[in-house]
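Undergrad: sharing a model that was predicted from the sequence below.
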Amino acid sequence: MPRGARRTASSTRKGIARMAMAAALAAVLVVLSTGPSRAEGDVFDSIKEGLKSLWSFVTGAASTAGDAVTPPTSIQTLKSIRGEDKSEFWAMLEDAGYDLKEIDTEVGLIPAIEATYILTRELSEADREALDWRLEKFAKNSSGLIALIERGIIQSLLDASELGDYRVEKVKIQFLPLPKASFTLSPTDAPLEEEHDVIYRAVKEQRREMRRVGESMRTEHALGPASPRARQSTQRPE
Amino acid sequence: MSRLIVGFARVAVIAAGCLAATVAAAQPLASLREAQATPDKAARSQIRIVGSTSMEDLTQIVVKALVKKWGIQPPIVEKSGSREGVRLFCAGIGLEFPDIAASSRRITQSEFNACIENGILDIIEVAVALDGIVVVTEKGDPVFNITPRHIYLALAAEVPRKFVLGANLPPEVARAAEAAEGEDFIQNPFKSWRQVDSRLPNVPIRVYGPERGSGTRQFINDMLFESGCRGFREIRNIYGAADRVRQCITKRTDGAWVDVAEPFADKVIEAVVKDDVGTLGFVPQDVYDLDKERVDQLPVLGQLATHETIASGEYPLRRRMYYYVKRAHMRNAQGVGIVRGLREFLAEVTSEEMIGPDGLFHKVGGVVALPEEEREESRRNASILRRLER
């Protein structure tokens, strides 16, 4: 196997392994958050404590969950994720190129909340470095299991952004009933869906048309002065 | 009993590990001595070093030591800037290609890929020092806290139209911005720092910085322009990294940003001192240290560059300096290879005498020593000739 291919394959494996690790860590949280020292009679309290702890993952303020077992509404969750005082984790997730697409909540005996993030930006070299630095700082300032899970998720996305042949298109972060993160990895050259295919073909057609117009204009003004628009564009890219 | 066996097994594993580590540590020194004793059948007599002008002083310090301590012919040093240096380094293997690249930033993924494509599979990377980039102004001119966002808004060729609409601009400029309905970005209309942010002084925007190809320029692009534009929704809406980066780092051509040719640092200081009130410039921290009587530094995100804030990482415009060495250019056990002295270079450039807190790089070169664990890692990379992987 050529060296380059070997390198890509190994980093793919590394990225996937990290994702699995992050998801597993998230699942472990619920077990640890209830604590082993609880008396058997306190099961209900224990569950409430667990939920409180999980909700603090979303808001960063454990008191919000109060004494209720009912989950926060989508609007409350949205405010915590998108608000000015959002936690470092959500800000890092955005810096990793992901934006919130939807929040699903289920009310019932076992409530559920899940936020879906989709990839909206490719990361540049500087983006990756800045995120790396932020993660380092975050690791120094925040300890504990939740911070570990959060770091695991962001690090997985950072690793995945360097895979080249694959990208994580979607991240689902579930808070309740069991906290977990799931990653949808897809090939970068995967066939387009119908809607995207139509847009892609339309853009291509438009470009062809612009080239045709440009060429005919150049032919017409071959001996004339440059157009004002051409004169204006003096900025050179870096 | 079984616990005892497990205990013995653990001790045995640790002992074996220690032995292996000792052998590994002894090997490079032994091979270096062997290499010294081997008759020289190298194809070229002088090492060729290309790259960063900011690292010129550091390179000269190592060159002197190589000649004095190891009897190696003085290497050829070409100041080409980090980007050009790494490009030349990654162009291929053979007599006509450089052996070492000095870079004031880490090699990028695309540069690394170019190296691999050109058959340079074994690159040895050693980080050698920390340095800060300082924003300076003439002594007596207004000193104000500057942020990446300020730099982007003041110096990018185009800025988000929505931001311009909310800024305090003369009516005719505001009208022009309003007229550009439907556009996300418009040509940068800001003339003074006060227009960018009402808390900044009312002095014209004029900034001197290194020209393209300089590692410092790349660093300024990454740490100030890209970092400053990242928060704008209009920028975040651009999917492609290349398009987004271009939008962020393309600079004004109306005189607000002035390119300075390499070696840029002293020229920037002269320009800042001679030009109008409020003129700013970017220089490496060691240059600022030498010209403290003529220029003041501006805090960046509230932090001033000192050796302490650079070492601790509190100062945001801090960077690492690297040397990249081609293993394929080293001589083999029979003394055959492109050039003699690459192992010696690596040993010298990672020695505590060079890169330690009291080393020559700090004392003479004016840079800040890396933390101990990073210096150790560089020494390890150099001694086992660890291949760079990205």
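TA: Great, that's in hand.
Undergrad: when you work out contacts or count neighbours from here on, use the C-alpha atoms and nothing else.
TA: OK.
Undergrad: please parse chain B into its domains.
TA: Domain segmentation of chain B under automatic domain parsing yields B:34-131+B:320-383, B:132-318.
Undergrad: what residues does chain B put near chain A?
TA: Within chain B, the positions adjacent to chain A are B:108-109, B:116, B:157, B:212, B:222-223, B:226-227, B:236-242, B:245-246, B:249-253 by CA under 8 Å from any CA of the partner chain.
Undergrad: got the contact list for residue 185?
TA: Chain wasn't specified; assuming chain A. Residue A:185 makes contact with A:166-170 under the criterion CA atoms under 8 Å, 6 or more residues apart in numbering or on different chains.
Undergrad: wrong one, I was asking about chain B
TA: So residue B:185 contacts B:158-161, B:234 (CA under 8 Å, 6+ apart).
Undergrad: what of residue A:120?
TA: A:97-99, B:237, B:239.
Undergrad: show the buried residues in the contacts of residue B:185.
TA: Among these, those classed as buried by 16 or more other CA atoms under 10 Å in any protein chain shown are B:158-161, B:234.
Undergrad: between those, which is closest to residue B:338?
TA: Nearest to residue B:338 among the buried ones among the contacts of residue B:185 is residue B:158, at 48.3 Å by CA to CA.
Undergrad: separation between that closest one and residue B:166?
TA: According to CA to CA, to the nearest Å, residue B:158 stands 16 Å off from residue B:166.
Undergrad: now do the closest residue to residue B:145 other than its chain neighbours against residue B:289, distance only.
TA: Spatial nearest neighbour of residue B:145, excluding adjacent residues (CA to CA, 6 or more residues apart in numbering or on different chains): residue B:299 at 5.0 Å. Here the criterion is CA to CA. By it, residue B:299 lies 15 Å from residue B:289.
Undergrad: repeat that for residue B:382.
TA: As judged by CA to CA, residue B:382 and residue B:289 stand 31 Å apart.
Undergrad: those two - which one has more neighbours?
TA: Neighbour tally, residue B:382 and residue B:289, criterion other CA atoms under 10 Å in any protein chain shown: the higher count belongs to residue B:382, 25 against 14.
Undergrad: residue B:337: helix or strand, and which one exactly?
TA: Taking DSSP states H and E as the criterion, residue B:337 maps to strand B:336-339.
Undergrad: output the helix or strand following that strand as PDB, restricted to C-alpha atoms.
TA: Using DSSP H and E, the next helix or strand after strand B:336-339 towards the C-terminus is helix B:342-349. What follows is helix B:342-349, C-alpha atoms only, in PDB (Å, rounded to 0.1, in the frame of the first residue of the first chain):
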ATOM      1  CA  LEU B 342      22.700  17.100   9.100                       C
ATOM      2  CA  ARG B 343      22.800  14.900  12.100                       C
ATOM      3  CA  GLU B 344      25.300  17.300  13.700                       C
ATOM      4  CA  PHE B 345      22.900  20.200  12.900                       C
ATOM      5  CA  LEU B 346      20.000  18.400  14.600                       C
ATOM      6  CA  ALA B 347      22.100  17.600  17.700                       C
ATOM      7  CA  GLU B 348      23.300  21.200  17.900                       C
ATOM      8  CA  VAL B 349      20.000  22.900  17.300                       C
END
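Undergrad: so which elements touch helix B:342-349?
TA: helix B:56-70, helix B:372-383 (3 or more CA pairs under 8 Å, 6 or more residues apart in numbering or on different chains; DSSP states H and E).
Undergrad: can those helices go into TSV with extra columns for mean pLDDT?
TA: Below are the helices and strands packed on helix B:342-349 laid out as TSV (pLDDT from 0 to 100):
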stretch	mean pLDDT
helix B:56-70	93
helix B:372-383	95
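Undergrad: give me the number of residues near residue A:95?
TA: Neighbours of residue A:95 under the rule other CA under 10 Å: 22.
Undergrad: give me the neighbour count for residue A:213.
TA: Residues lying near residue A:213 (other CA under 10 Å) number 12.
Undergrad: the helix or strand harbouring it and chain B in contact?
TA: Assigned by DSSP H and E, residue A:213 belongs to helix A:194-220. No: Helix A:194-220 lies apart from chain B when judged by CA under 8 Å from any CA; the minimum separation is 14.4 Å.
Undergrad: doesn't residue B:361 lie inside a strand?
TA: No: going by DSSP: H, G, I helix; E, B strand; the rest coil, the assignment for residue B:361 is helix, not a strand.
Undergrad: what's near enough to touch it?
TA: Contacts of residue B:361 by CA under 8 Å, 6+ apart are B:58, B:61, B:129, B:354-355, B:367-369.
Undergrad: please repeat the previous calculation with a cut-off of 10 Å.
TA: When contacts are counted by CA atoms under 10 Å, 6 or more residues apart in numbering or on different chains, residue B:361 touches B:55, B:57-59, B:61-62, B:128-129, B:349, B:352-355, B:367-369.
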